[in-house]
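**Student:** curious how this folds, go ahead:
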Amino acid sequence: MPSMKAHTEYLTLTTRKRYEMVHLTPQVEAIVERSGVVDGLCFVSPMHITAAIYVNDNEEGLIEDIAAWLEKLAPAWPGYKHHRTGEDNGDAHLKSLLLHHETTLPVTAGRLDLGTWQRIFYAEFDGQRAKRIIVKVLGLEG
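**Tutor:** Residues are numbered from 1 along each chain as shown. Okay, the predicted model is just below:
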């Protein structure tokens, strides 16, 4: 009889730029494979409030469009009330709210069950330092 299993791993990223979109699909697929879960769910979440996880197409023009859209809605400027705390990342907090904070994806037959163009991205809005991402796989063990 199949048993339930929980498997957790952490990824640590340090982006080269303050704003950066990082393709994570291969790393998450490897974690799902190591988990031994054959049917279940994979939860991916940044452990920071100035970052996001989203699922979309890995196409450079679209990635640039997303960045431009976010900058239009939450531009970098010195007037945010949050900056009164001594921080300078008010726009990063707002940009992270505009994208998904986390995602949960299906695991079928021991693999991520993604649509044809679906890919997992980490969106960093206040980078250039180490940030953690939790990947938790839950489900039936094979």
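**Student:** which regions of the protein sit below the pLDDT cut-off?
**Tutor:** Within the chain, not a single segment meets pLDDT under 70.
**Student:** quick one: the strands in it, in order.
**Tutor:** In the chain, the segments counted as strands under DSSP state E are 4-14, 20-23, 37-46, 51-56, 103-108, 111-112, 119-124, 130-141.
**Student:** ok, which of these comes nearest residue 94?
**Tutor:** strand 51-56 (11.0 Å; C-beta to C-beta). In short, each C-beta sits where N, CA and C put it, glycine included.
**Student:** ok and that closest one relative to strand 4-14, angle-wise?
**Tutor:** Put simply, strand 51-56 runs at 110 degrees to strand 4-14, going by axes from the mean of the first three to the mean of the last three C-alpha atoms, to 10 degrees.
**Student:** going by neighbour count, which residues of stretch 56-72 are buried?
**Tutor:** If you call a residue buried by 16 or more other C-beta atoms under 10 Å, then stretch 56-72 has these buried ones: 56, 63, 66, 67, 70.
**Student:** surely the third one and residue 20 touch.
**Tutor:** No. Applying C-beta atoms under 8 Å as the test, residue 66 and residue 20 come out as separate, 12.0 Å apart.
**Student:** distance to residue 95 added to the strands of the chain, as CSV?
**Tutor:** CSV is the format used below for the strands of the chain (distance: least, C-beta to C-beta, whole Å):
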stretch, distance to residue 95
strand 4-14, 17
strand 20-23, 11
strand 37-46, 12
strand 51-56, 7
strand 103-108, 17
strand 111-112, 26
strand 119-124, 7
strand 130-141, 14
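**Student:** most tightly packed of those strands?
**Tutor:** strand 119-124 (a mean of 24; mean count of other C-beta atoms under 10 Å).
**Student:** contacts for that one, please.
**Tutor:** 13, 15, 17-25, 28, 44, 46, 50-58, 63, 95-96, 99, 103, 105, 131, 133 (C-beta atoms under 8 Å, 6 or more residues apart in numbering).
**Student:** OK, contacts around the residue positioned nearest the centre of the chain?
**Tutor:** Of all residues in the chain, the one closest to the mean position by C-alpha atoms, centre = their mean is residue 53, 2.4 Å from it. Shown in contact with residue 53 (C-beta under 8 Å, 6+ apart): 24, 44-46, 99-103, 120-123, 133.
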